[in-house]
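# Can you look at this prediction? I've put the sequence above it.
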Amino acid sequence: MLEIRGLTVAYGKHVALEDASLDVEQGRMVAILGANGAGKSSLLGAIGGRVVPVSGSIRYRGRPLLGMAQHRLVEEGIALVPEGRGIFPALRVEENLRLGAFPARARQCAAERMEEVFALFPKLAERRRQIAGTMSGGEQQMVAIGRALMSKPDLLLLDEPSLGLAPIVTREVFAALARIRATGLTILIVEQNARATLELADHAYLVAAGRIAGSGPAERIKSDPAVIRAFLGGSPAAAE
Amino acid sequence: MIRLLLPPAALALLAVWPMMVSDYGLGLLIGAATYVTLASAWALFSGQTHYVSLATVAFYGTGAYAVAVLNEALPYPAVLLCAALAGAAMALAVGLSTLRLRGVYFVIFSFGLAELVRQLITWYEVNVTGTLGRYIFLDVTARGIYWQMLALGAATIALTAWINRSRLGMALRVIGDDEEVAAHSGINLARTKLAAFVLSAVILTLAGAITSPRYVYVEPSIVFNPTVSFLTVIMALLGGANRLWGPALGAVPLFLAFEWLSAHFPDTYPVLLGLLFIGVVFLVPQGILPAAERLMRRRAGA
């Protein structure tokens, strides 16, 4: 569904990501793992149209994606939840969600979509009238993900959904991601929380110092001793 | 029911008001109506998107100048149409090239635009036509100007009310909050901003065109006076730039205050103006209407 080849992103002379290639197949959940500054967000930024790569290609359903305007991506079925909660804090939960149905592809079925989102996030249904900015970090993240789902995406891009959240809230967010995953939606997720992400993902890419350092099925990555040392922290035993 | 009937009733009252006032009073009415229109039109674009534009007078002056150039060549409605088209064309060109600028860069650019237009016209008049000032002899009475301005102001507020409820209004609000997220919600940033900018600019241009006969003698330094841009911004901010009636609410008292100050303290007037600007920004940064809403909500909560 998504094919990235030889992607290089640089900010001035600083090369943030070099020669990255990866694939996301339909119906899969693919994780990009790595430490802060490893180049994960540059990768997502390039897909989302926020940064213009120096070289490389991104193809979505066989068609080139680079150079497409950001709002067009949504019409093509790509929804991005940007890092740091992409919500409108002054608007109510409902209004935030309705906004997600702004694209033409989602306008017709906005009401149904909202029910689906409420089914995935029952908490949002209870708080539909609340001003989004007054909610907790985890709830705001759910609003952001809900907003992205409202556009009826075929591919969901998540940029660090657990960033800055307390561990217990992170668990809630991942539980919600598991429910979304179960609907069969294709997901590309960038995360620092490797352990929780690998529990959900089918496939993972490891990014270190701007390069893709390894990849494989999540099951294997999870039990690879080198990966555990570098990305998961602690010894293999501690990971059990 | 009352909410629906009130605006037309108020408009009818405002329309018959000139019958009951002196010439000086009528002048005040025209000035107030002009600034209500300018501030409301300014807020139509800047209020929601938070793109602070100091280009108001660039459009206002263009409107006035268009009338000065064309008033003897074309019938009045055609003159207005040409002025509106000139404003729209200018806004399109400017918008396409600059709405990528954000924050202070856009402010500075918009301020520079007014100066640029003024200098260009001055250069053209001096070097090509060989005149600098122009006279406007139009068969329009002061009352006629007032009614036109009242209609334009009412249309601006009605248009804003309609936009606020439309998809365009929603898109504008969201752009003002966070452009990044707005783009990922599928909003075409460039087209949305451009649409609002052009609409706003056409109204500003028409306002300049309609009031221009009041000047009788027009030259660039008169109709491209940057104070108009500053006054417009401060009026809209005082009332509450992202509220429907905010700009109107700010424009009327400030216009009257400026009139009184400039009549009684002609020498210190600019100083007082500056102090007022600072006062507004410090004391009611959100504007009177939002502040009042907050106060009432707190009352209701207590």
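In hand now; what should we look at? Residues are numbered from 1 along each chain as shown, chains lettered A, B, ... in the order given.

# Nearest the middle, which residue of the chain would you pick?
Picking chain A for this. By C-alpha atoms, centre = their mean, chain A has its centre lying nearest to A:L158, at 1.2 Å.

# that answer is for a different chain, and I need it for chain B
B:L38 (1.9 Å).

# Give me the neighbour count for A:I78.
27 (other C-beta atoms under 10 Å in any protein chain shown). (C-beta placed from N, C-alpha, C; glycine too.)

# could you point out which element follows the helix or strand containing A:V143?
Using DSSP states H and E, A:V143 sits in helix A:137-150. Using DSSP H and E, the next helix or strand after helix A:137-150 towards the C-terminus is strand A:155-159.

# Any part of that following strand near chain B?
No - Strand A:155-159 lies out of reach of chain B by C-beta under 8 Å from any C-beta of the partner chain, never closer than 9.0 Å.

# in its sheet, what does that strand sit against?
strand A:78-81 (parallel), strand A:186-191 (parallel) (DSSP bridges).

# hmm, who's touching the shortest one?
With contacts defined as C-beta atoms under 8 Å, 6 or more residues apart in numbering or on different chains, strand A:78-81 is touched by A:44, A:47-48, A:60, A:65, A:73, A:86, A:100, A:144-145, A:147-149, A:151, A:153-159, A:161, B:184.

# Equivalent analysis for the last one, please.
With contacts defined as C-beta under 8 Å, 6+ apart, strand A:186-191 is touched by A:1-2, A:24-33, A:40-41, A:43-44, A:47, A:154-162, A:177, A:180-181, A:197, A:201.

# Where does B:G87 fall, secondary structure wise?
B:G87 belongs to helix B:76-98, assigned by DSSP H and E.

# Tell me if that helix is near chain A.
No - shown here: helix B:76-98 not in contact with chain A (C-beta under 8 Å from any C-beta), separated by at least 14.4 Å.

# Which elements pack onto that helix?
Where contact means 3 or more C-beta pairs under 8 Å, 6 or more residues apart in numbering or on different chains; DSSP states H and E, helix B:76-98 is packed against helix B:56-70, helix B:103-124, helix B:189-215.

# most packed of these?
helix B:56-70 (a mean of 27; mean count of other C-beta atoms under 10 Å in any protein chain shown).

# Chain A contacts on the stretch 101-250 of chain B?
B:167, B:170-171, B:174, B:177-178, B:180-181, B:183-190.

# Swap in 10 Å and give it another go.
B:167, B:170-171, B:173-174, B:176-192 (C-beta under 10 Å from any C-beta of the partner chain).

# circling back: specify the stretch among the strands paired with strand A:155-159 that is closest to B:A66.
With C-beta to C-beta, the closest approach to B:A66 among these belongs to strand A:78-81: 45.0 Å.

# And the average pLDDT for that closest one is what?
If you average the pLDDT over strand A:78-81, you get 91.

# ok now that strand, how far from the chain's centre?
7 Å (C-alpha atoms, centre = their mean, to the nearest Å).

# for stretch A:155-170, same thing?
9 Å.

# Mind listing what's buried along that stretch?
Neighbour-count burial for stretch A:155-170, counted by 16 or more other C-beta atoms under 10 Å in any protein chain shown, picks out A:155-163, A:165, A:169-170.

# which among those residues gets closest to B:L96?
A:L157 (29.5 Å).

# For that closest one, list the residues it contacts.
Taking C-beta atoms under 10 Å, 6 or more residues apart in numbering or on different chains as the criterion, A:L157 is in contact with A:2, A:24, A:43-44, A:47-48, A:73, A:78-82, A:148, A:186-190, B:184.

# what's the answer for B:A66, then?
B:A66 neighbours (C-beta under 10 Å, 6+ apart): B:79-87, B:205-206, B:208-209, B:212.

# which of those residues sit farthest apart?
Most distant of those, by C-beta to C-beta, are B:L85 and B:S212, 16.0 Å apart.

# Tell me the spacing between A:R61 and B:S40.
Using C-beta to C-beta, to the nearest Å, A:R61 is found at 46 Å from B:S40.

# Counting neighbours, go ahead and name the busier of the two.
Higher neighbour count among A:R61 and B:S40: B:S40, with 33 against 13, using other C-beta under 10 Å.

# Test my guess that the more buried one contacts B:L244.
Yes - between B:S40 and B:L244 there is a contact under C-beta atoms under 10 Å: 8.6 Å.

# Find residues that contact each of these two.
With C-beta under 10 Å, 6+ apart as the test, B:S40 and B:L244 both reach B:47, B:157, B:160.

# Could you pull out the helices in chain A for me?
With DSSP state H as the criterion, chain A has helices at A:40-47, A:70-76, A:93-100, A:104-107, A:110-120, A:122-126, A:137-150, A:167-182, A:194-200, A:218-223, A:225-227, A:236-239.

# Quick check: which ranges of the chain have low pLDDT?
Using chain A here. For chain A, the stretches with pLDDT under 70 are A:85, A:231-240.

# nope, chain B
Using pLDDT under 70, chain B drops low at B:1, B:301-302.
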